[in-house]
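1. what follows is a predicted structure for the sequence shown.
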Amino acid sequence: MVTHQTTRGYRVFRVLNAVILTGVVVATLYPFLNIVAQSFSHERYILAGEVNLVPRGFNLTTYKIIASDPMFWTNYRNTVVYTVVATLVAMVLTTCYAYVLSKRHLKGRTFLIWVAVFTMFFNGGLIPNYVLVTSIGLKNTLWAIVLPNAISVFNLLVMKAFFENLPDELEEAAAIDGLNTYGILWRIVLPLSKAVIATMVLFYAVSFWNSWFTAFLYMSDAELFPVTVYLRNLIAGATGAEGAGAALGDVTQAASNIKSVTIVLTVLPILAVYPFVQRYFVSGVMLGAVKG
Amino acid sequence: MREITRRQAIGLGAFTLVLAGCGSDDTPAPGQAGTANRAGAMANYAVGQQFKATEPVNFSILYNNHSFYPIKNDWLFWQELTKRTNVTLNPTVVPLSDYENKRGLLIGAGDAPLIIPKTYHPQEEAFVASGAILPVSDYLDLLPNFKDKAAKWRLEPELNTLRQADGRFYLLPGIHEKSWSDYTYAVRTDILEELGLEVPKTYDDFYAMLKAMKEKYPDRYPMTDRWGVPTPGGNLFKLVARAYGTKGGWDYQHATWDAAAGKFVYTGAMPQYRQMIEYLRKLVAEKLLDPESFTQQDDPAKQKFVSGRSFVISGNAQELINSYRGPLTENIPDAKVAKIPVPTGPIGEYKHDSRLENGIMISKAALENKNFVAMMQFIDWLWYSDAGQEFAKWGVEGTTFTKDASGAYKLADDVDYVGLNAGAPKHLQKDFGFGNGVFAYGGPTKLLQSTFSEEEVAYQDVMNARQDYPVEPPHPFTEEEREQSTLWETALKDHVTQNTLRFVLGERDINEWDAYVKELEAKNSTSYITLVNTAYERFKKEHG
């Protein structure tokens, strides 16, 4: 370590590294900050392309318009409910499935893996899925969003790999001390798997939070839509003059910063949660690194 | 892989034939099925009569939810509709952003509501083959108002363009008394005044105008255009092509009717198409038109215009107010901008816009509904009767609007609509559900223009003085022909679009025009046109 710091090459590397990484930070952060700035700017400056990092002609009009619509809050609440329930269900199912698959002595394990992997490559298609979900009466319910996406095969395989890497000795010891399978899972395996669980919660939560397509498919009532559908429609209404221009009734008051406001509103909660979960993220990566 | 034996192949073939045979058997005779399902229907429903179902009925409807006036269940529209017609509509709410996807899915899954509005021709063609939607042309007798207006306004040629190879049409279109021109160019009129220019009437004037602007402001492009994504030069190519009697941009279709020859010709190879290219090529070469015009996103084009870096841009009434005038005058307080009447070209003073609007598809499942006839009468009343159209657009007299002796509409004082009563506490669309794009469109010119501003009415008057451009005869493809033509169209369209741009931008020498036409022929443009002309002849013989 000490020798590293003194060599000239290392110093050059450090400087270069800092420069390049700063460049990366700027490149990734700038578009986002620009969006935030736009969301607070007056349309005059946005249309003239004069907004960079600092809002110009500060105003909150678009935020006020969106926030004053009760449907926005209904849909925002829906998103929270859908995300929480769906993540919960997905975590329970994925964890159980992955844990079972990680046991090499399990009979029919290969088959069970193939059942899951098969769905990664083949699926019934949009219409058959729709018919299925409708015919078992899930349409216009929370479960239409939760159940079809409850197990992501990619997440499942990551979790399975993680469980496989846990030392068997721990579980054997627990068994000798009198724990049954569920006890082992609950008291030994899960506490040791915080890293992967946090990662999976994050993956699932972000994907449910951002998803709009399932809700759009299976919900036919505006009060059941998540906020993503609401905002997507808002953007389309404000910008889609081209095709709909023919219909006289569709006169919209296109607010030029509606897109940026939308992005800020959807990203904010995820942004707020990220730093707290990231802690586990890092330790998860370290865990893999040492073993590797 | 196991190979299929010959016997299996024959078996399979026979099975397919049986299936095909089944399919063609159960087509009902035109206008027969369903007309016995008269529950709730009026016995003597006719033009000028208020429709009211004889018992309370419900119809499901696909509802395109506009974000500017999101659906509310307590709208006066719903209550008053039920009061007047005894009909309750059960909407399946679909966000406007993805209306077409959901419509396709619901029809495909057999779960579609009975009434499917906001369908733009030829979108309905995708559903014709599956037999999921009703051939409405067989049931026009149930629609007296529609028939009346179609006859009164001589819409037969337009309706014919909707017909499929079987001679029927499957979409009940919105109909206008007069075609409605909206898209044109927005021009900085203060610059015209400064240069002492008149508003250009022809494309030659238009060129002279740009030239004069360029002389005064040599450092900028007088015109930069928008609406280039996803169709390059969507509006610009469309308008210039029309002036020469051909089709381009949003309008582009592979076949164009050549009235003199009495047959269709390939659009991208027409001499008129070449003239259009040469005109635009001149504008680009003399730096009068920004070469980015054809492909840039809307935002940069708008930015250049409202910041005063260019003076001419494509526009319509709504964009003029919302995107141009407001921001422009904030940047340049003295700036003035207006829609100019579409410049005319060699073919003379014509108006090219269609008198048809988006329309309604009806699910075939409606035939089995006991209220089928009542539903058709209801559709006829709400969308096609004078009373229904007025109701859908303006609402309830005395509550949302008043009408004076001359028949001019006036909004109630506390209600706003398209800025007519800016600042009023309530909004006709948001709070009452009228002026809703799902229910209110088309109709008599007087109704259409009742919400227009003075300058827009003036624009309409100029345009309405022009003659309507003749409607092309129909040439509907059969299922197989459509498949074949789609295969050819994709390659042809790419080639035409690419080379149109290359010619216009000067990347390809216009003297290579003949070579370009040869390339189109190599991509089957001739076979394509033969197919179109065959379809045209067949339709003329069978249904003409």
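-> Right, received. Where do you want to start?

2. which one is the residue sitting nearest the centre point of chain B nearest to, not counting chain neighbours?
-> For chain B, B:Glu357 is the residue whose C-alpha lies nearest the centre (CA atoms, centre = their mean; 5.4 Å). Sequence neighbours aside, B:Gly174 is the residue nearest to B:Glu357 in space, at 2.9 Å (criterion: CB to CB, 6 or more residues apart in numbering or on different chains). For the C-beta atoms, the positions are set from N, CA and C on the backbone; glycine is no exception.

3. on that earlier part again, what pairs with the helix or strand hosting the residue nearest to the centre of chain B, parallel or antiparallel?
-> Using DSSP states H and E, B:Glu357 sits in strand B:356-362. Sheet pairing here is set by DSSP bridges, and for strand B:356-362 it gives strand B:115-119 (antiparallel), strand B:172-175 (antiparallel).

4. pipe those into JSON lines and attach mean pLDDT per row.
-> Listed next are the strands paired with strand B:356-362 as JSON lines, based on pLDDT from 0 to 100:
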{"stretch": "strand B:115-119", "mean pLDDT": "95"}
{"stretch": "strand B:172-175", "mean pLDDT": "95"}
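
5. mind putting these in JSON lines, distance to A:Trp114 and mean neighbour count included?
-> Output for those, formatted as JSON lines (distance: least, CB to CB, whole Å; neighbours: other CB atoms under 10 Å in any protein chain shown):
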{"stretch": "strand B:115-119", "distance to A:Trp114": "42", "mean neighbour count": "24"}
{"stretch": "strand B:172-175", "distance to A:Trp114": "51", "mean neighbour count": "24"}
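
6. correct me if wrong: the residue nearest to the centre of chain B contacts B:Glu177.
-> No - B:Glu357 lies out of contact with B:Glu177 (CB atoms under 8 Å); the separation is 11.6 Å.

7. read off the pLDDT value for the residue most central in space within chain A.
-> Nearest to the centroid of the C-alpha atoms of chain A, with distances taken as CA atoms, centre = their mean, sits A:Val206, at 1.4 Å. Turning to A:Val206, the model gives it a pLDDT of 89.

8. ok, the closest residue to it other than its chain neighbours - how many residues close by?
-> Distances taken as CB to CB, 6+ apart place A:Ile270 nearest to A:Val206, at 5.9 Å, with adjacent residues excluded. Counted with other CB atoms under 10 Å in any protein chain shown, residues neighbouring A:Ile270 total 15.

9. domain ranges for chain A?
-> Chain A breaks down by automatic domain parsing into domains covering A:2-47, A:61-291.

10. quickly compare those and say which is most buried.
-> Most buried of those, by mean neighbour count (mean count of other CB atoms under 10 Å in any protein chain shown): domain A:61-291, with a mean of 17.

11. how far does that one sit from the chain's center?
-> Remark: domain A:61-291 is offset 6 Å from the chain centroid, using CA atoms, centre = their mean, to the nearest Å.

12. swap in stretch B:365-385?
-> Centroid displacement of stretch B:365-385 relative to its chain, using CA atoms, centre = their mean, is 24 Å.

13. got the buried residues for it?
-> Across stretch B:365-385, burial judged by 16 or more other CB atoms under 10 Å in any protein chain shown covers B:365-367, B:369, B:371-385.

14. OK, contacts around the residue nearest to A:Val206?
-> A:Ala205, A:Val206, A:Trp209 (CB atoms under 8 Å, 6 or more residues apart in numbering or on different chains).

15. one more time with 10 Å, if that's ok
-> If a contact means CB atoms under 10 Å, 6 or more residues apart in numbering or on different chains, then A:Ile270 has A:Thr83, A:Leu202, A:Ala205, A:Val206, A:Trp209, A:Asn210, A:Val277 as its contacts.

16. and B:Thr295, by the same measure?
-> If you count contacts by CB under 10 Å, 6+ apart, B:Thr295 has them with B:Asp225, B:Gly228, B:Val229, B:Pro230, B:Pro232, B:Gly233, B:Leu501, B:Leu505.

17. try 8 Å
-> B:Thr295 makes contact with B:Gly228, B:Val229, B:Pro232, B:Leu501 under the criterion CB under 8 Å, 6+ apart.

18. quick one, phi psi at it?
-> phi -130, psi 0 (degrees, to the nearest 10).

19. can you give me the distance of it to B:Tyr203?
-> For B:Thr295, the distance to B:Tyr203 (CB to CB, to the nearest Å) stands at 22 Å.

20. a markdown table for the domains of chain A, including distance to B:Asp138?
-> Below are the domains of chain A laid out as a markdown table (distance: least, CB to CB, whole Å):
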| stretch | distance to B:Asp138 |
| --- | --- |
| domain A:2-47 | 51 |
| domain A:61-291 | 27 |
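
21. and for B:Asp404, the neighbour number?
-> B:Asp404: 8 neighbours (other CB under 10 Å).

22. if we can go back for a sec, so the residue nearest to B:Glu357 is in contact with B:Tyr441, correct?
-> Yes - applying CB under 8 Å, one finds B:Gly174 in contact with B:Tyr441, separated by 4.7 Å.

23. so which residues of the stretch 1-150 of chain A form strands?
-> Remark: strands of the stretch 1-150 of chain A are absent; assignment by DSSP state E, counting those that start in this stretch.

24. low-confidence ranges in it?
-> Within the stretch 1-150 of chain A, the set of residues satisfying pLDDT under 70 comprises A:1-5, A:47-48.

25. around chain B, which positions in it sit nearby?
-> With CB under 8 Å from any CB of the partner chain as the criterion, the stretch 1-150 of chain A meets chain B at residues A:Glu43, A:Arg44, A:Leu47, A:Ala48, A:Gly49, A:Asp69, A:Met71, A:Leu126, A:Ile127, A:Tyr130, A:Val131, A:Thr134.
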